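> Sequence and predicted model, in that order:
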Amino acid sequence: MASDETLELVVDSVAQGGDGVGRHEGLVVFARGGLPGERVRVRLYERHPSYARGQVDAVLEPSPERVAPRLADGDHAPWQHIAYPAQLRLKATIVREQLVKLAGVPDPPVAPVIAAPRPWGYRNTAHLHVEDRQVGYHIAGTRAVADLPEDPLLLPALNEALAGLRAILPAGVLTGVTLRASAAFGYALAVLRPTREVPALDLLLLAEAWRAHVPALAGVVVEGRDWRGAASGVASLLEELQGILFELAPTTFFQVNLPQAERMLDLARAALRPAPGMRLLDLYAGAGAFALPLARAGAEVIAVEEHAAAVADGERSAALNGIEGVRFVQGAVERVLPGLAGPFDGALLDPPRRGCHPAVLEALARLAPPRVVYISCHPGILGRDLAPLLAAGYRLEQVQPLDLFPQTPHIETVVTLSRA
């Protein structure tokens, strides 16, 4: 039910998703922009019998952990008003609460969050919308574009590309653009999302003008067309992860924070202990960011991934690095895994935000590898998925959150499970 009332309350905690939580006359209020300990005025935009949601429109008594935001229209950085050490502490609390609530673990072994080496200027990917000549992200809850001259979350090469696009972009040509950067090699690649009526020649001219304006922009391709047929320049992204080169199609997913991805890889390798003679599973493998390093350590790795482009990238990258111990299987994990023959010495799961299909967890419990690493980007979904694995006899050995997304409430967590 829509609402437009205001009320005052004290924020006492933070919910999964990042909103402050307080109570007003028995009503639980989720207050976007509120910090624990603050007295705030909240403008409600949604009200139900037992709870309401709203936006903080005045901070009456601020927390000492509140800082000045860098972006006036920064809905994509909703925690930029929180001092960085407090962001880390709140994220650990959210992970712990979700595991208690949804996994049924009374005292989960949640370690302190591993801080990002750069709380700003870390993202190697940006999916931007275009409206006329405005380029930016959607304003929360709307389809309107908040114009973004510069984004302090992005790597420098991407901000250079963004500034160059804004300087030469005509109105009515694009609906959006994706910017990718190679953290290892310092160049950028762009994917154009054109309006239907734009001729190919106009897109080529735009790409050429953009590249002439931005030396760091090495290539521009067009969404929906063969990415090898670049509009201008190179058509693939080279990235390096702990000495392994990955050649990626412009639309293939890769972790947006490379230093933290390397830390995740360290944790996975320490948990699975890859060695010659071992058989490992990498489920939701993407382009092999985990499978290739595990295979390089001597293990035989079966990497299951649904998206054909990512599989092609993984196979090409394995050949590029001379890594022979990995076999990619294309298909949905819930369909492929039940047909795989064990035994396996360990398994790694890195599912999308929605988590694992129940059939994946059932099949994994039947295969019963002695060690499992689950990498999650959503603590609530993590708690849900861990419950059946714990019921199947696994023990929660380690819970290590990492901050891949500073200035946001998003949390990456690496969980190690073991069984006798």
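Thanks, I have it.

> Provide a complete list of residue ranges assigned to helices in the stretch 101-250 of the chain.
Defined through DSSP state H, counting those that start in this stretch, the helices belonging to the stretch 101-250 of the chain, from first to last, are 156-168, 200-213.

> To Ala289, which of those helices lies closest?
helix 156-168 (20.0 Å; CB to CB). Backbone N, C-alpha and C define where each C-beta goes, glycine included.

> Please spell out which residues along the closest one are buried.
Burial within helix 156-168, assessed by neighbour count using 16 or more other CB atoms under 10 Å, is assigned to 157-162, 164-166.

> likewise stretch 119-133?
By 16+ other CB under 10 Å, the buried positions in stretch 119-133 come out as 119-120, 122-126, 128-131.

> How about stretch 89-106?
When neighbours are counted by 16+ other CB under 10 Å, the buried residues of stretch 89-106 are found to be 89-92, 94-99, 102-103, 105.

> now do stretch 77-86
Within stretch 77-86, the residues that qualify as buried by neighbour count (16+ other CB under 10 Å) are 77-82, 84, 86.

> Tell me the one of the buried residues of stretch 119-133 nearest Phe185?
For Phe185, the closest of these turns out to be Asn124, at 11.1 Å, with distances computed as CB to CB.

> Which residue comes closest to the closest one once chain neighbours are left out?
Counting by CB to CB, 6 or more residues apart in numbering, Asn124 lies nearest to Ala181, which is 4.5 Å off, once chain neighbours are set aside.

> My guess is that neighbour contacts Asp151. True?
No. Counting by CB atoms under 8 Å, Ala181 sits too far from Asp151 to count as a contact (12.0 Å).

> Those two - which one has more neighbours?
Ala181 (29 against 23; other CB atoms under 10 Å).

> residue contacts, the more buried one?
Under the criterion of CB atoms under 8 Å, 6 or more residues apart in numbering, the neighbours of Ala181 are 124-125, 154-155, 157-158, 187-189.

> For the closest residue to His138 other than its chain neighbours, give me the pLDDT.
Excluding the flanking residues, the one nearest His138 by CB to CB, 6+ apart is His129, at 5.9 Å. On pLDDT, His129 comes in at 96.

> cool, and the one 10 residues further on?
Reading off the per-residue confidence, Ile139 sits at a pLDDT of 85.

> distance of the closest residue to it other than its chain neighbours from Arg23?
With CB to CB, 6+ apart as the measure, Ala146 is the residue that lies nearest to Ile139, at 5.0 Å, once sequence neighbours are left out. Distance check for Ala146 against Arg23: by CB to CB, to the nearest Å, it reads 32 Å.

> Looking at the two, which one has more neighbours?
Between Ala146 and Arg23, counted using other CB under 10 Å, the more crowded position is Ala146 (20 against 13).

> Shouldn't Gly393 be within a helix?
No. The assignment for Gly393 by DSSP: H, G, I helix; E, B strand; the rest coil gives coil, which leaves it out of any helix.

> Can you get me a residue count around the closest residue to it other than its chain neighbours?
Distance criterion CB to CB, 6+ apart; nearest residue to Gly393, sequence neighbours excluded, is Arg419 at 5.1 Å. For Arg419, the tally of surrounding residues (other CB under 10 Å) stands at 16.

> For Arg419, give me the pLDDT.
Among the per-residue scores, Arg419 holds a pLDDT of 92.

> Now the common contact residues for Ala181 and Asp151.
Shared contacts of Ala181 and Asp151, defined by CB under 8 Å, 6+ apart, are found at Leu158.

> sorry, back to before: among the buried residues of stretch 89-106, name the ones in helices.
Judged by DSSP state H, helices contain the following of these: 89-92, 94-98.

> Export those residues to a markdown table and append columns for pLDDT.
Below are those laid out as a markdown table (pLDDT from 0 to 100):
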| residue | pLDDT |
| --- | --- |
| Arg89 | 97 |
| Leu90 | 97 |
| Lys91 | 97 |
| Ala92 | 97 |
| Ile94 | 96 |
| Val95 | 97 |
| Arg96 | 96 |
| Glu97 | 95 |
| Gln98 | 96 |
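
> With respect to Val221, which of these is nearest?
Val221 lies nearest to Lys91 out of these, by CB to CB, at 35.3 Å.

> Could you report the separation of that closest one from Val11?
17 Å.

> Over to Gly17?
Here Gly17 is placed at a distance of 14 Å from Val11 (CB to CB).

> Tell me which of those two has more neighbours.
With neighbours defined as other CB under 10 Å, Gly17 and Val11 compare such that Val11 has more, 25 against 14.
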